[in-house]
Structure formats: structure tokens, C-alpha cells
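Novice: Fold the stuff below for me.
(chains A, B, C, D, E and F)
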4 protein chains.
Amino acid sequence: MKQGNQVRKTKTKNKTNNRLKKIAILEGALKVFGEKGFEATTIAAICKSAKIADATLYEYFESKEDVLFSIAEHYTRQHLENMKQVNHFFHNTREKMRLIIQSYLEFYEDNPLYSSVALLNLKGNRNFLKSPAYQVVREASGSIIEAVDEGVKKGIYRDDVDAYLVRNMVLGFIEHLTIQWLLLKRPEKISPCRDSIFIMVMQSIEKNCKEAYDN
Amino acid sequence: MKQGNQVRKTKTKNKTNNRLKKIAILEGALKVFGEKGFEATTIAAICKSAKIADATLYEYFESKEDVLFSIAEHYTRQHLENMKQVNHFFHNTREKMRLIIQSYLEFYEDNPLYSSVALLNLKGNRNFLKSPAYQVVREASGSIIEAVDEGVKKGIYRDDVDAYLVRNMVLGFIEHLTIQWLLLKRPEKISPCRDSIFIMVMQSIEKNCKEAYDN
Amino acid sequence: MKQGNQVRKTKTKNKTNNRLKKIAILEGALKVFGEKGFEATTIAAICKSAKIADATLYEYFESKEDVLFSIAEHYTRQHLENMKQVNHFFHNTREKMRLIIQSYLEFYEDNPLYSSVALLNLKGNRNFLKSPAYQVVREASGSIIEAVDEGVKKGIYRDDVDAYLVRNMVLGFIEHLTIQWLLLKRPEKISPCRDSIFIMVMQSIEKNCKEAYDN
Amino acid sequence: MKQGNQVRKTKTKNKTNNRLKKIAILEGALKVFGEKGFEATTIAAICKSAKIADATLYEYFESKEDVLFSIAEHYTRQHLENMKQVNHFFHNTREKMRLIIQSYLEFYEDNPLYSSVALLNLKGNRNFLKSPAYQVVREASGSIIEAVDEGVKKGIYRDDVDAYLVRNMVLGFIEHLTIQWLLLKRPEKISPCRDSIFIMVMQSIEKNCKEAYDN
DNA sequence: CATGAATGAGAATTCATTCAT
DNA sequence: AATGAATGAATTCTCATTCAT
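Specialist: Predicted coordinates for the structure are as follows:
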């Protein structure tokens, strides 16, 4: 019936204020999403948490889902920034992988609400893949591909290693662990697993003496 | 969500018929859940798919969520049965792990609708952990723990290997891969990955010459 | 977000009951629409007037607009039936026109709520033209075309008379009068105007001695 | 609907500028109203069309409805001016009627957006009758009354002719035709109907030989 | 004068679930 | 055992309007 749907384009004269307010809303939303989950969260709850009126949210975001995706974009961008900065100082190929693993673990551990949203709500959302926010997530995980490729090229990792499969392993490993931690609090902390995980990942891709795996 | 929840205890004269109908409903539901996702699926859609009246569903299940969890239980039980049967014939420790990996991959590949439900909807559902269905899922994944412990005991795997961590790795790896496959159809098939995955997993836990990983 | 929109097809085993209930709702709705106008009427008000729950309305109609259009269809069908029945007994060409005029006036006068809805709400609704209900309205007004054509053919009306224009005149005349009556209660009753209107309409189309209208 | 309504009395230093801006807004609004209809039009759309900020509209008008009514007033005043000017040069009674008919047809045809607003939105609006704008509309239609009365007095029109009924006929005729044209584009143009309409109207009220209409 | 920003107040729908038959 | 019918309860999103700057 009613037509027109574009976000009443927040006619921002003041871009900085606008951005800050968006982030404030995102933070309020993260709290609620993280605690109750996306579907169980109401716009009302988000707005209460962000201390704004319900209608105000729609001045900054198109929909509840837009808020969700924007959270992903915002936090992943931060994580990405972290990784890039640190990565900058490391040239050792193996160290890069260790770094990535540690970085993910610490990021998830330090941002349990975001981890919850990302791993429990976002992952199952088919629309997320089509959102621009997803690209940022991909960019972040791309660092694993690069790190593996570099190792293969340098002859440190096995030639037959499939970087994409390794990414699946690393991310799957970490995410599965994080979900366990989030939902069952087991283990109590995940960041200490970084060494074990690193070793396992390394062994699985590094060249080593025992080569033959006959079926 | 809604309240009021007394189970109109289905006083089944004919237990078998009852079970069959439940399964029929589950199959109808799986189709819709798998295609649209849990939240986007309506009872009406499930019942249309199962060719029953909306009210009839409640003769067999307590709620929409009960249907979801029952799907998990039903299918996992099947998967579990598969695994046990095959496992029965293998005594080689390594082979057991290969089997588990292959079994999961094939099960997911052969039941994409269930995979979708399990990995995209169930995983993010906090209530699932409290459901009896979850126990069946745990039982299934328990085989990994056993297989690892056995290998450690036999001295095939490294002594410092944490079976629980390995389970996280294996399941995380496989599930992450499956999600990619489900949502992005990349890779086209996942069962062929079984060897690569097996090798990587093995290397990550087997004893091998290169032992030292200095930080 | 949510998809699917088709009216949860009222799975009517009992078609008669269904039809009766639809009509009951229509009557309740007419009351409110007629008094407050379409836009100012809420689903809640309709349902209160029809003594049903809000959700129940949607078992019978797709939307508020569907209710509006269904009112038009229902009442116009009645009117049409009236006209046809009476018309059946008249063979005199002029009488047919008199009948039509009288019929419209009486129908509007006897159903002021419907008149209000039809003339004040429906006429300005662009979607109405695309609705099946509109066809019924057209059918009703078609009788004017027929009556005029007949008169022209018989040589009673001027040859250059445009039946469509006459329809515009007759309907426009009656409707304008009815709107005045509805909104301003002036004149107090409209049915007595039937003779004056009839005469005016007749004179405007009948052959008569004074033929020349020089510009 | 909404409450709170104190007119922030625009203390206009520059009355002309003020009037010009009001008209500019009216023109912007007419465009949107005419295309989408009153209810479907948002203040945002009007202001976008008028190239002002939403809040600015309220410096010039009290409400959305005030804008609507002001459009009617503004355009009808123009139309009225036109009619008066031309009318001034005609002394022939019949010609006056021809003039009125032609004038309405041309005005509607030349201002389809306004016609749309006037005939599709304004006519069904009960509040309009209470607005000052309505008086201007009445004044315009008053010319028909005068023209008829004059004709009756001069003995050109039948003595029993009811000027108010004639007004209903003329306006109803023209408006019905215009609505058809607006919504169905049938006929393609309405101004050429002026002669046919004039003839029909004239015949319906002029004295002529055939006097008796026996029932 | 103009307006960016904020919001109160709805209002139409949707849907899981109940229950009389 | 099956279901047609009814509905309670909720929730997103819209939009006219206000007001401080």
C-alpha cells in the first residue's frame, strides 16, 4: 500500500556526529543481540539499550537486519585494523599464522557479545552473504589464505596444501571452540588455546618427514 | 515465546503408526526449515508440506521448536547408527578417524536440508543445548573423543593432544566447510575433501619427527 | 523479511457459513467505513464492529483494501440484481431510463453508509479500477449504455447522442446529488428528485422540435 | 489526527515573498498529491518536491491537510478569476452557460494534477467542507446558479427548473467525465466534449415544444 | 528563516497455538 | 485422531509533527 522505503536519508550535515550516533546505536544493539539473539531482540529493546526512541533508529538504519549487518561490519573492520597493524611488524611466515590465530581468539574472547552475534546469529543468516558487511568479513579471513600461500611458495608448507581448506580448518576450529566457550563456558578461556591450535595447524600443513599416508 | 504448554499427552494405542506419522511430519518440516530457515518457516508451511492440518501438528509435537529439535534427534540418531555400524568393523585406530570424517561429510552431503537446519539454525539456538536432542548430537561427536583417546593411549598420537580440542578441530573444520558448501556451493562437493581433511587432521595429532615448535 | 502473503486460504469445508461470515464482516466494516471513511478506519474498529478478533478478519480478507473492495462488490451485486429484476418487467425504452435513475437514487438513499463508501472513498481509489469488484460496478452502469442505445436505435433519442456521455451525465448527476445529500443533507431526500432528473435527462437526449444550436 | 496545532503565526515582514514561497510549496505539493494521492503522499515527498526541509513546510502551513485545502483554494481562485474575466464580456444568457462548461473542462484538462487532487482526494474529504477553501469552490460553482436563474427569469429556461439541481447536473456531468478521463484516459481529451455537453444541458432546461412527460 | 534531529503514537499484519467438534 | 475456525499477543516500521539551534 504505502510506497517508498529508502532510509529517510539521514541528511547529515554533521557527518561525524552521525557516525558517532550510529556507533552508539550499534553498541546498544550489540548488547541486546548478544544476550537474546537476533530474533528474540525487539527494536524496542535495542532502542531502550541505546537510549533513543524507536523511530530514531530508522533515521540511522534501514531495518533491524541492517543493524545486525552493520554490527558485523563495524566490529570486523576493527578486528581487521588490529590484524593489519600487528601483521605489519611480522615478516616470519609462520609467525603470521600464529598471529592470525591469536588475533581471532583474543578478539572473540574480548568481545563475547560480538562473538555471540557473529557466530550464533550472523552465520545462519542467508542474507548476510549478500550484504556489503560480508565483504569485510571475507577480507579478514583472506589473511589466512595469504599466509598459507606465502608458506607454500617459500616451501615451508606442503605443496599440496589447499589454502581455502586451511582457512576452513582454522576458522572452523576457532569458531567451533568459541561457540563451545560461549554456550558451555568450556573451556573457561579460549585465548590460552592459541599455542595448541597453532601447533596443530602447523603440523597439518608443514612439510615433515612422515610423508606417506596410504589409504 | 507464547505461553501455555501442556502436552496433550498422545496416548498412543498404536505406537508404530504414531511414530511413522511423526517421522512423516518431520520430513515435511525438514524440507521447509531447510529451504527457508527456522524463523521464516511457519507452522502452516510445515503442515502444508506434511499434508496435515495445522492443528494436527500439535497432536505430535509440543511446539515449532520441538519439531526442530526432533528433526535433529531423528537424523542424528540415524547418522549415529550409521557410524556405529561401520565403526564396528574397523579396529585400526587411524581408520576410525578416517571413518568419522568421511561419515560426517557424506551425511551432510547426502542430507543438505538437514545440514542446513543443523548448521544454520540449530547451532545458534541456545535452547537446543538444553534439549534431549542435544545429547544425541553429543553422543555422535563423542566418537571423535574416543578415537583420539585410543590413539593417544596406543602411542600413535602425541601425548599432549587434547581430545576435546581435536573434536573442535574436526567438527569445526567439517562444519565450516559444509556451511560454505551450503551457502556458496563452493566447493561443489564436500565428500571428496575427506582425504585432505583426514591427512591434515592426522598430521596435526600424530607423532612425527619434527617435534620442536619454538616460539 | 517474512515472505508469503497469500490469504491463509480459508480452508472452507463449509462454504455457506464462510460466505455468511464474510458478509457479516462486510456489514460491520461498512458501518465503520461509512462513518469514518476508509483511511480513518482501523482494522481494530472494523473487527470490533463485526465482533471478531482482529486476526480473524485476515482469515476472510487479504487486507483492509480487500474489505473495501468486497463491500463494493457485494452491494453493487445486490443493486444489480434489483435492477435486473425490475427491468425485466419493463419494455418501454423510456421507462427503462426512468427505472435506472430511480433505482440508483433509491439504492443510494436506502444505503447511505454504502453510498458514502462508494462515492467518497471508492471513487478516489486508483486501485479499485484494477479490482474485480470494479467490473461489477461497470456492469451496473452498463445498463445506462444499453438503455440509451436502444432509444437511439428506436429513433426515440437523437442520433448524435453519445451513450457514454449520457452515462457520464446520468451517473455524474446522481452521484453529485448524492454526495451533496450525504455531506450537506441538502436536499433532505434524493429519491423525490427522480422525476426532475428523469425529465432533464430525457429532454437532453430525446428528439425534439428545436434542433438548431448555433454557436 | 495528531494533536497540538498552534499556528506559529508567520509574522511576515515580507508578505510577498511569503506568498510566493507558499505558492511554490503548493506547486510542489500538487505534483505529489496529484500523482500519489493525498494519503499516500508524505510530508517528506512534498518537501523534496518543493526543495525545502520538512520542518520548513510547517512555517507556512499548519498541517498536511492545510496544504491540501490551500491547493484547492489557490487553484480555484485562479479558475474563478478566469471565469469572471471572460464572463465579463458575455451578456448572452446561454453563452454564459456555454462559457462555464467550457471553462471547467479546460481548467480540468489543463491542470490534470489539480483535477486529480480536487476530484479524487478533496471530494471525499469531509473536513474540506468546513474549510475556508471550500467557500471559494462554492463561489465558483455559484456562477451556474446565477446563469440558470438568469435564464429562468428571462423566460429562456423552463420555469420549473431547479437551479441547484442543474448545478448538480452540470458539475456532476463534468466531474464524472473528468474522473473517467483521469483514471482511464477515456476519452482522450475532455475539452472537445464541451459542445455535446452544452447541447445536452441546454436541452434539459430550455423551453421546448414537447412539454408533456406523462408518466 | 530554515532545518537537522528526534520522536510519539499508531496500525496493519503475522503466526503459533488452542479448542470444540 | 484430525481439523476448521478463531484469536491473543506481539512487532516492525511509518510519518506527521515539534523544537532547539
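Novice: Just the element for the spatially closest residue to A:T76 that is not a sequence neighbour, please.
Specialist: Spatial nearest neighbour of A:T76, excluding adjacent residues (C-beta to C-beta, 6 or more residues apart in numbering or on different chains): A:V136 at 4.7 Å. Yep, even glycine has a C-beta here, placed from its N, CA and C like the rest. Assessed by DSSP states H and E, A:V136 sits inside helix A:132-153.
Novice: same for that helix, what does it pack against?
Specialist: helix A:64-87, helix A:93-110, helix A:163-184 (3 or more C-beta pairs under 8 Å, 6 or more residues apart in numbering or on different chains; DSSP states H and E).
Novice: Let's have the ones you listed in a markdown table, adding mean pLDDT.
Specialist: Listed next are the helices and strands packed on helix A:132-153 as a markdown table, based on pLDDT from 0 to 100:
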| stretch | mean pLDDT |
| --- | --- |
| helix A:64-87 | 95 |
| helix A:93-110 | 96 |
| helix A:163-184 | 98 |
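Novice: Switch the ones you listed over to TSV; also include mean neighbour count and distance to B:K123.
Specialist: Below are the helices and strands packed on helix A:132-153 laid out as TSV (neighbours: other C-beta atoms under 10 Å in any protein chain shown; distance: least, C-beta to C-beta, whole Å):
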stretch	mean neighbour count	distance to B:K123
helix A:64-87	18	17
helix A:93-110	20	15
helix A:163-184	22	7
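Novice: Include distance to C:R167 when you put the ones you listed into CSV, please.
Specialist: What follows is these, written out as CSV (distance: least, C-beta to C-beta, whole Å):
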stretch, distance to C:R167
helix A:64-87, 52
helix A:93-110, 74
helix A:163-184, 71
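Novice: wait, which of those is closest to DNA strand E?
Specialist: For DNA strand E, the closest of the helices and strands packed on helix A:132-153 is helix A:64-87, at 13.6 Å, according to C-beta to the nearest atom of the strand.
Novice: Now do the contacts for A:T76.
Specialist: A:A118, A:A133, A:V136, A:V137, A:A140 (C-beta atoms under 8 Å, 6 or more residues apart in numbering or on different chains).
Novice: In ChimeraX, how would I select the buried members of the residues you listed?
Specialist: To isolate the buried ones among the contacts of A:T76 in ChimeraX, judged by 16 or more other C-beta atoms under 10 Å in any protein chain shown, type:
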select /A:118,133,136,137,140
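Novice: Relative to chain C, which of the contacts of A:T76 is nearest.
Specialist: Using C-beta to the nearest C-beta, A:A133 is the member of these that sits closest to chain C, with 16.7 Å.
Novice: what's the pLDDT at the closest one?
Specialist: Per-residue confidence (pLDDT) for A:A133: 96.
Novice: nearest spatial neighbour of it, skipping sequence neighbours?
Specialist: A:E73 (3.7 Å).
Novice: follow-up on the earlier one: any chance of the contacts of A:T76 in JSON lines, plus distance to DNA strand F?
Specialist: Converted to JSON lines, these look like this (distance: C-beta to the nearest atom of the strand, whole Å):
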{"residue": "A:A118", "distance to DNA strand F": "20"}
{"residue": "A:A133", "distance to DNA strand F": "16"}
{"residue": "A:V136", "distance to DNA strand F": "22"}
{"residue": "A:V137", "distance to DNA strand F": "22"}
{"residue": "A:A140", "distance to DNA strand F": "27"}
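Novice: filter the contacts of A:T76 by proximity to DNA strand E?
Specialist: For DNA strand E, no contacts are drawn from the contacts of A:T76 by C-beta under 7 Å from any atom of the strand.
Novice: For A:I25, state which of the contacts of A:T76 is nearest.
Specialist: A:A133 (15.3 Å; C-beta to C-beta).
Novice: Enumerate every residue touching A:M83.
Specialist: A:L99, A:I100, A:S103, A:A140, A:S143.
Novice: on that earlier part again, now the residue nearest to A:A133: how far from chain B?
Specialist: Distance of A:E73 to chain B, given as C-beta to the nearest C-beta, to the nearest Å: 18 Å.
Novice: I'd say that residue and A:R138 touch.
Specialist: No - when contacts are counted by C-beta atoms under 8 Å, A:E73 is not listed as touching A:R138 (11.6 Å).
Novice: among the helices and strands packed on helix A:132-153, which is nearest DNA strand F?
Specialist: helix A:64-87 (4.1 Å).
Novice: could you give the angle of that closest one to helix A:93-110?
Specialist: 140 degrees (axes from the mean of the first three to the mean of the last three C-alpha atoms, to 10 degrees).
Novice: Report whether helix A:64-87 contacts DNA strand E.
Specialist: No - Helix A:64-87 does not reach DNA strand E (C-beta under 7 Å from any atom of the strand); its nearest approach is 13.6 Å.
Novice: Let's check: the centremost residue of chain A is which one?
Specialist: Geometric centre of chain A, nearest residue: A:T76, 5.0 Å, by C-alpha atoms, centre = their mean.
Novice: Please report the distance of that residue from chain C.
Specialist: From A:T76 to chain C the distance is 23 Å (C-beta to the nearest C-beta).
Novice: got it, and A:D195?
Specialist: For A:D195, the distance to chain C - C-beta to the nearest C-beta - is 43 Å.
Novice: Show me what the helix or strand hosting that residue is packed up against.
Specialist: Here A:D195, judged by DSSP H and E, is contained in helix A:194-205. On a contact count with 3+ C-beta pairs under 8 Å, 6+ apart, helix A:194-205 meets helix A:93-110, helix A:163-184, helix B:163-184, helix B:194-205.
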